[in-house]
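S.K.: Only the shape, not the letters, is given here:
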């Protein structure tokens with residue numbers, strides 16, 4: 001207790017905001033729970049040994065005392081309670097300003113309240129320190145502790161989760177800094193102040209946000225500022241008309257970059273990269289960009305015109321849109337090694353009839369393409385039997401025979417398992433009968449205080465487990481197979497009252513458990529020492 005009082009005195013000198021009542025709470029709590037002091041001690045030492053004037057300022061000005069948490073029955077540990085709750089600071093509600101200027105030791109800082117943290121940015125060089133509220137469970141004490149530090153390019157917190165509705169006072173404050181004077185903040189419905197401030201001296205970042213706003217690309221400006229994305233404006237200049245027309249955002253800009261990497265510069269190709277053309281029929285094995293990358297001989301302009309005219313067309317193939325059927329068709333031509341540079345192969349006027357012709361001249365299952373066989377099976381299942389493909393009928397018969405064989409094998413396996421389970425249960429019952437009969441005569445006096453007895457029925461094990469709140473009943477099968485021995489340690493004269501449960505295996509005491517699986521060292525060691533001296537002279541299980 002002396003150590004805790006000395007440390008609490010150190011806390012008082014380090015955190016000038018800690019009240020006498022709070023310190024009294026600490027002292028009272030540790031007097032009642034002295035063991036818990038040591039789980040907190042290492043955290044306190046890391047703070048008090050390195051005084052931080054910024055941390056002391058925040059704790060003095062922005063931290064409120066909070067009510068103690070209530071421990072659940074499953075949580076018996078007392079430790080720092082980090083990041084789990086929103087900050088309980090003075091006067092910072094959801095709709096209040098988040099920014100401010102504070103002076104600490106003659107240096108000005110931009111203060112940003114963000115979730116359960118306060119971030120400080122130095123106005124002279126953008127030095128950044130992130131402080132998180134930290135709480136000791138059950139003590140009612142919260143402190144600010146430094147979580148991280150950096151110089152502007154730090155990636156925490158996550159952008160979307162920290163975006164807030166911009167407050168007029170925040171905008172007016174940030175506009176005092178010349179770096180932001182040309183940015184029109186009125187276009188932002190949600191604003192991530194963290195990224196805006198951390199990039200204060202990143203001229204390219206602020207310039208691109210400014211240029212996007214001036215060009216009318218408000219959605220792009222909003223999403224770029226929240227993710228610290230750096231755009232290549234030489235590339236973007238080629239797509240300005242596309243973005244003005246579509247009002248697309250950052251996702252489609254990233255798709256354009258992906259398409260350009262494989263030589264697909266037309267922005268229409270982005271819809272093949274998880275876009276609207278294939279969303280309704282998306283399959284994990286459909287990868288248009290990979291297919292086009294493998295086949296540069298496919299004419300890009302002709303390809304776009306071909307799918308643009310037909311992309312929403314329905315087909316006779318169930319659950320397959322035109323765009324998916326066309327993808328599968330090209331996969332088949334690829335497998336057949338046909339020349340995709342020829343328009344008659346690559347761009348059939350009637351895709352459905354061309355697909356049917358191909359499927360009727362080959363065995364679709366020989367291609368070993370899951371997409372082909374799935375489409376073929378769904379289509380054939382809709383046709384009258386007389387019109388079904390011979391290969392489909394053969395495959396259906398093969399699968400039916402295979403299914404019947406699998407069903408027969410499964411039933412045979414289940415019967416074997418059931419038979420084996422019955423045999424095991426019978427063996428366990430026979431073993432228990434022998435064991436319980438042997439146990440009726442087992443009564444070993446250890447000393448004037450303790451005796452060892454043994455269970456003589458399943459009910460004895462059930463009562464033992466329920467009374468002491470442990471799992472001894474689950475050892476029933478192992479006892480029946482004579483793999484382990486379970487004995488009961490009792491106080492003399494109270495042989496019917498559960499006290500300790502003992503397991504003996506391979507001539508050694510392996511467990512000695514009381515209520516809630518407690519195993520006090522004095523009892524366990526005493527019992528093990530005694531057993532070592534007598535185990536060759538007593539028999540504790542049937543031979």
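M.R.: On my side now, so go ahead. Predicted model, so just to flag it, every value in this text is computed and none were measured. Numbering: from 1, shown residues only.
S.K.: The stretch 251-400 of the chain: helices as residue ranges?
M.R.: 276-279, 288-294, 300-310, 322-335, 343-346, 351-361, 370-381, 390-439 (DSSP state H, counting those that start in this stretch).
S.K.: low pLDDT regions in the stretch 151-300 of the chain?
M.R.: Residues of the stretch 151-300 of the chain meeting the criterion pLDDT under 70: 151-162, 273-284.
S.K.: Ignore what I typed, I meant the chain.
M.R.: The model of the chain has pLDDT under 70 over residues 1-51, 63-97, 115, 134-143, 147-162, 273-284.
S.K.: which residue ranges form the strands in it?
M.R.: 80-82, 99-104, 107-114, 117-122, 128-136, 141-150, 443-445, 450-453, 485-491, 500-505, 508-513 (DSSP state E).
S.K.: For the second one, which residues meet the burial criterion?
M.R.: So that's strand 99-104. For strand 99-104, burial by neighbour count (16 or more other CB atoms under 10 Å) applies to 99, 102, 104. Where C-beta positions appear, they are placed from N, C-alpha and C, glycine not excepted.
S.K.: need the contact list for residue 454.
M.R.: 438, 439, 442, 486, 487, 488, 540 (CB atoms under 8 Å, 6 or more residues apart in numbering).
S.K.: quick revisit: okay, the helices of the stretch 251-400 of the chain, which one's buried deepest?
M.R.: For those, the largest average neighbour count (mean count of other CB atoms under 10 Å) is found in helix 322-335, namely a mean of 20.
S.K.: could you say what helices and strands that one packs with?
M.R.: helix 276-279, helix 288-294, helix 300-310, helix 343-346, helix 351-361, helix 370-381 (3 or more CB pairs under 8 Å, 6 or more residues apart in numbering; DSSP states H and E).
S.K.: Of these, which is nearest residue 209?
M.R.: helix 276-279 (27.7 Å; CB to CB).
S.K.: re earlier: quick one: the buried residues of strand 99-104 as TSV, columns for distance to residue 133 too.
M.R.: What follows is those, written out as TSV (distance: CB to CB, whole Å):
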residue	distance to residue 133
99	19
102	17
104	18
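S.K.: Looking at those residues, which is nearest residue 401?
M.R.: Distance to residue 401, by CB to CB, is smallest for residue 99 among these, at 73.4 Å.
S.K.: Touching, the closest one and residue 193? I think so.
M.R.: Yes. Between residue 99 and residue 193 a contact is recorded at 6.3 Å, counting by CB atoms under 8 Å.
S.K.: Next, the buried residues of stretch 512-523.
M.R.: For stretch 512-523, the neighbour count (16+ other CB under 10 Å) marks 512, 513, 514, 523 as buried.
S.K.: related to what we said a few turns ago, overlap of the contact sets of residue 99 and residue 193?
M.R.: Common neighbours of residue 99 and residue 193, using CB under 8 Å, 6+ apart, are 112, 170, 174.
S.K.: Can you say which of those are buried?
M.R.: For the shared contacts of residue 99 and residue 193, buried by 16+ other CB under 10 Å: 112, 170, 174.
S.K.: The last one is in contact with residue 101, isn't it?
M.R.: No. Contact between residue 174 and residue 101 fails when scored by CB under 8 Å: they sit 10.3 Å apart.
S.K.: need the contact list for residue 110.
M.R.: Residue 110 makes contact with 99, 100, 101, 120, 121, 122, 123, 197, according to CB under 8 Å, 6+ apart.
S.K.: and the end-to-end length of stretch 197-207?
M.R.: This stretch, stretch 197-207, spans 14 Å end to end (CA to CA, to the nearest Å).
S.K.: What are the buried residues along it?
M.R.: Residues of stretch 197-207 classed as buried: 197, 198, 199, 200, 202, 205, 206 (neighbour count, 16+ other CB under 10 Å).
S.K.: Likewise for stretch 108-121?
M.R.: For stretch 108-121, by 16+ other CB under 10 Å, it's 109-121.
S.K.: same question, stretch 522-538
M.R.: Neighbour count says stretch 522-538 has 523, 524, 527, 530, 531 buried, by 16+ other CB under 10 Å.
S.K.: again with stretch 164-174
M.R.: 164, 166, 167, 170, 171, 173, 174.
S.K.: quick one: which two of these are the most distant?
M.R.: Longest span within the buried residues of stretch 164-174, CB to CB: 164 and 173, 14.2 Å.
S.K.: circling back to that earlier point, nearest to residue 474, of the helices of the stretch 251-400 of the chain?
M.R.: Short answer: helix 390-439, nearest of the helices of the stretch 251-400 of the chain by CB to CB, at 12.9 Å.
S.K.: other SSEs contacting the closest one?
M.R.: For helix 390-439, the elements it packs on are helix 370-381, helix 476-480, judged by 3+ CB pairs under 8 Å, 6+ apart.
S.K.: And it, how far out from the chain middle?
M.R.: 38 Å (CA atoms, centre = their mean, to the nearest Å).
S.K.: Count the residues that sit near residue 259.
M.R.: Applying other CB atoms under 10 Å, we find 23 other residues in the vicinity of residue 259.
S.K.: Tell me the spacing between it and residue 288.
M.R.: 10 Å (CB to CB, to the nearest Å).
S.K.: same deal with residue 187?
M.R.: 34 Å.
S.K.: and what of residue 299?
M.R.: 15 Å.
S.K.: Also residue 518?
M.R.: Distance, residue 518 to residue 288, using CB to CB: 64 Å.
S.K.: Same question for residue 496.
M.R.: 77 Å.
S.K.: Residue 168 too?
M.R.: 47 Å.
S.K.: before we move on, what about residue 480?
M.R.: 62 Å.
S.K.: Make CSV out of the buried residues of stretch 197-207 and add distance to residue 245.
M.R.: Listed next are the buried residues of stretch 197-207 as CSV, based on distance: CB to CB, whole Å:
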residue, distance to residue 245
197, 33
198, 33
199, 29
200, 33
202, 30
205, 26
206, 27
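S.K.: tell me which of the residues you listed is nearest to residue 492?
M.R.: residue 198 (73.2 Å).
S.K.: Go ahead and confirm the closest one touches residue 128.
M.R.: Yes. Under the criterion of CB under 8 Å, residue 198 makes contact with residue 128 at 6.5 Å.
S.K.: Not counting its neighbours along the chain, what's nearest residue 99?
M.R.: What sits nearest to residue 99 in space, not counting adjacent residues and going by CB to CB, 6 or more residues apart in numbering, is residue 170, at 4.4 Å.
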